[in-house]
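K.L.:
Next one to model:
(one chain, ligands or ions: 1)
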Amino acid sequence: MPKFLIKTGPLRKKYSLWFNILKLALLFTCLAFPFMAGNYFLRFAIILFIYIILSIGYDISSGYCGMLTLSAAAIFGVGAYASAITITTLKMPFLVGMLVAMVATGLISLLISLPAHKVKGHYLAMISLGILEVVQRILNEWSSLTQGAAGFFLPKWSIFGMELSNYAKYYVIFFFLILIMLFEWGLIKSHWGRDFIAVKDDEVAASGVGINNRNFKIIALLISSMVIGVAGSLYASYSEFISPDTFGFYLTIFILLTVVIGGTGTLSGPAIGVTVVMIIPEFFNASPDLKQIVFGGLLIILTQVMPDGIVGKIKKHFGAIEDNRHIENLSDRMPISFEKYKVSADGPENILEVKNLTRRFGGLTAVGNLDFEIKRGTVHSLIGPNGAGKTTTVNMITGIDKPSEGSAIFIGEDITGMEPFVSVKRGIARTYQHVRLFKDLRVIDNVAMGGRIYYTYSMAGAIFHSRKKRQEEKEAYLEAYDCLRLMGLDSKSNFAPGSLSAGQQKLLEIARALCERPKLMVLDEPCAGLNETEVAELSEIIKKIRDVGITVLMIEHHMSIVMGISDYITVIDYGKKIAEGTPAEVSVDPLVRKAYLGEEVTAC
Ligand SMILES: Nc1ncnc2c1ncn2[C@@H]1O[C@H](COP(=O)(O)OP(=O)(O)OP(=O)(O)O)[C@@H](O)[C@H]1O
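P.N.:
From the prediction side, this is the model:
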C-alpha cells in the first residue's frame, strides 16, 4: 500500500471542507474558552499554548531537519531569563524583552550548530545535553544576574503600559501561538520546508540538488531556537516567576515526547502532542502514582501503535490533501517531449576533461592518473570490473569526493573539489548507484527538489505567501509533473517513493536529475535491479536525453545497453584507464577482454 493516497479534485475539496470546518470550530472554541473556563483551566490552556509554541520550535530542527538535540529546555530557559532580565533589570517593555530573548536563543543555537554539521544522531544529542547542563549551571551559579536557585521575580505583565488581566494574557498568548503557527505553515509549505526534510532524509542527495547542508542545519537551528525564545519570553512574563529547575532535563524529555507522540515533522503534530501529553495526566490527578503508570503505559502503547505519531497515522489515511492543488485535473495537459530540456550546442567540443585524476584511500589507489574527455551531446560510458574505481571517479567529478591529485574541467571551468551543491548550479546532475530518494517527500516533491535551484523567492516571501512564491511553486510543480510524465510516472505523483518498484525509483531519480535542467547527467548504474523490459525502456529514455543535447556520463555493467547506446566508452581497471573508443573498438580490445573475460593478451 502506498503511504500517501491520491486524492484528486472533488475528494480533496470534500476533505478540505471538513478540515476547514474543524479548524474554524477549534478557533471559535479557543476564542470563547476564557468565558467558559474557570481560573484553573484558563491557566492550563495558557501553559498548553506556550508549550505548543515551544514544541513547534523544537520540531523545526528535530522533526523536519532531523537534528536530535536535547537542549530545548535550556534554550527555553535562556529565552525566559533573557526576557526577564531585560524587562526587570533593564526596565524595558515586554516586546523588547521578547526580542532580546530571540537574539539570545539565536546565539545559543549558533553554539550548538558549530558542531551540528559535523556530528549527527546521538553525538549531537550528547553535545546538546552538555549545553543543557552548562545553561543549568549558569542559571544556578550566576546569582548576580539570574538570582540563582532562589528564582527570579518579574513585575506584573503589561503591554504598552497596560497591566494585563488573566483574560488578556490568554488572548495575547493565543495571538502569538497563531502567529507562530502561520509562520511555521508558510515556512514548511515552501521549498525551505522541503529542503529541511531533504537534509534529514539524505544529505548526499540534498547536496546533489543544490542544498548546502551545513547552512541549512544552522538556519533550522536558528529558527527553531528563536521560536523557542518566543515561548520562553511568554512563559516568563506570564508566570512572573522563573527558576532554574523549570528548565531541566525533565522538560527536555517532555518536549521530545510531545513531538514524538504528535508526529515529528508535521504541522499539527506539536499541538496534538502537547495536548495529549498534558491532558492525559490530568485525569489521574487524584492518584499521582497511578497517573505515572498509566501515563508511561500509554506512551509505550502510542509509540508502538503509531510510530509516526498521531498526525503521521492520520496522514496515512487522508494523504497530503492540500498539496495536490497544482497537479489536479492535469490529464488534459499538452503532450510533452524531451525537447523542453534542449541544451544549446554552443561551447567547447569537450564538455568535461578529466586530467590525472587520482584518489587514494590510505594505501589503496582507487583511481590513478586517470585522463579522459567527454564530448558534448554524447553518451559516454565508464565501464570496468567491480571495484575498478568507476563510482570513485564520478564522485570526484560531481564533488561528493575530493581527488588526491588531478583536476576536472567542466565547460572550461576547473570544478575540482567543488561541492555538489555548487556543481549542480553549473549544470551537473546525477543519479546514484544505490538510489537516494527523499523518503519523507512524495514522488512529485522529490522531482520538484531537482528544480529547487531555480527558486528565487525569499524566506520572507515563503512565510507571507508572496505572489512570487505562489507563482514559482506552481511552475515548479507543473515542471516536476512534466518530468514525471516523461518517465511514465505521473500517475505515481502523490505516492511515497518507497512504494515504487526498483525500476521506477531509478526513473524517479532520472526525473529529478532532468528537473535540474542539466548540461551533463551522470548516471551511476541506472540499470541495476531492472528487468529486460525496463532496461529497454530506460535505454530509449537515455537516447532521448542525449538527443536533446544533454551529455550523459554513464557507469553501467549491463553490456547490452552500454554497447547499444554509447557513443564512446572509457574502460578502467584497478583505477587505471585500459582502453577507450567506440563500442566496436572497445569490444575487441584485448585488454578489455582480459579484464572482463579473463582472456590472455597475446603479444604482437
Ligand atoms: N571511502 C572509501 N574508503 C576506502 N576504500 C574505498 C572507498 N571508496 C571506494 N573504495 C575502494 O576503492 C575501490 C574502487 O571502488 P569503486 O566503488 O569506485 O569501484 P566501482 O568500479 O564503482 O565498483 P562497482 O562496480 O562494484 O560499484 C574499491 O577497492 C573500493 O573498495
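K.L.:
Show me what counts as buried in stretch 466-481.
P.N.:
For stretch 466-481, the buried set under the neighbour-count rule, 16 or more other Cβ atoms under 10 Å, comprises 466, 469, 472-473, 476-477, 479-481. In this view, the C-beta of every residue, glycine as well, is placed from N, C-alpha and C.
K.L.:
scratch that, stretch 262-281 is what I was asking about
P.N.:
Neighbour counts over stretch 262-281 (16+ other Cβ under 10 Å) mark 262-278, 280 as buried.
K.L.:
Repeat that for stretch 44-62.
P.N.:
Buried residues in stretch 44-62, counted by 16+ other Cβ under 10 Å: 45-62.
K.L.:
Which ones among the residues you listed also lie next to the ligand?
P.N.:
Counting by Cβ under 6 Å from any ligand atom, nothing from the buried residues of stretch 44-62 sits close to the ligand.
K.L.:
re earlier: so which of the buried residues of stretch 466-481 is the closest to Y167?
P.N.:
Y167 lies nearest to S466 out of these, by Cβ to Cβ, at 35.2 Å.
K.L.:
Thought T456 was touching that closest one, still the case?
P.N.:
No. S466 lies out of contact with T456 (Cβ atoms under 8 Å); the separation is 10.8 Å.
K.L.:
Could you list the low-confidence segments of this protein?
P.N.:
Along the chain, segments meeting pLDDT under 70 span 1-15, 115-121, 288, 291-292, 295, 316-335, 597-604.
K.L.:
mind listing the strands for it?
P.N.:
Along the chain, the segments classed as strands by DSSP state E run 152-153, 158-159, 162-163, 241-242, 350-361, 364-375, 379-383, 405-410, 413-414, 428-430, 520-524, 551-555, 568-573, 576-581.
K.L.:
Nearest to L132, out of those?
P.N.:
Ranking the strands of the chain by distance to L132, with Cβ to Cβ as the measure, places strand 241-242 first at 16.2 Å.
K.L.:
which residues are contacting the closest one?
P.N.:
Around strand 241-242, the neighbours that count as contacts under Cβ atoms under 8 Å, 6 or more residues apart in numbering are 77, 80-81, 84, 151-154, 235-236.
K.L.:
ok, back up a step: now tabulate the buried residues of stretch 466-481 in TSV and tack on distance to the ligand.
P.N.:
Formatted as TSV, the buried residues of stretch 466-481 follow (distance: Cβ to the nearest ligand atom, whole Å):
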residue	distance to the ligand
S466	43
K469	40
E472	37
E473	38
A476	33
Y477	34
E479	32
A480	29
Y481	33
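K.L.:
Which of those residues fall within helices?
P.N.:
Taking DSSP state H as the definition of helices, the buried residues of stretch 466-481 contribute 469, 472-473, 476-477, 479-481.
K.L.:
and those as a markdown table, adding distance to N494?
P.N.:
Formatted as a markdown table, those follow (distance: Cβ to Cβ, whole Å):
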| residue | distance to N494 |
| --- | --- |
| K469 | 21 |
| E472 | 21 |
| E473 | 16 |
| A476 | 16 |
| Y477 | 11 |
| E479 | 17 |
| A480 | 12 |
| Y481 | 11 |
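K.L.:
interface residues of this structure facing the ligand?
P.N.:
Within the chain, the residues that sit near the ligand (Cβ under 6 Å from any ligand atom) are 361, 364, 366, 384, 386-392, 433.
K.L.:
Can you say which two of the contacts of strand 241-242 are spatially most distant?
P.N.:
With Cβ to Cβ as the measure, no two of the contacts of strand 241-242 lie farther apart than G77 and F153, at 16.0 Å.
K.L.:
more neighbours, those two?
P.N.:
The neighbour count for G77 versus F153, taken as other Cβ atoms under 10 Å, is higher for G77 (31 against 13).
K.L.:
so what's the more buried one closest to, chain neighbours aside?
P.N.:
Spatial nearest neighbour of G77, chain neighbours left out: F247 (3.0 Å); criterion: Cβ to Cβ, 6 or more residues apart in numbering.
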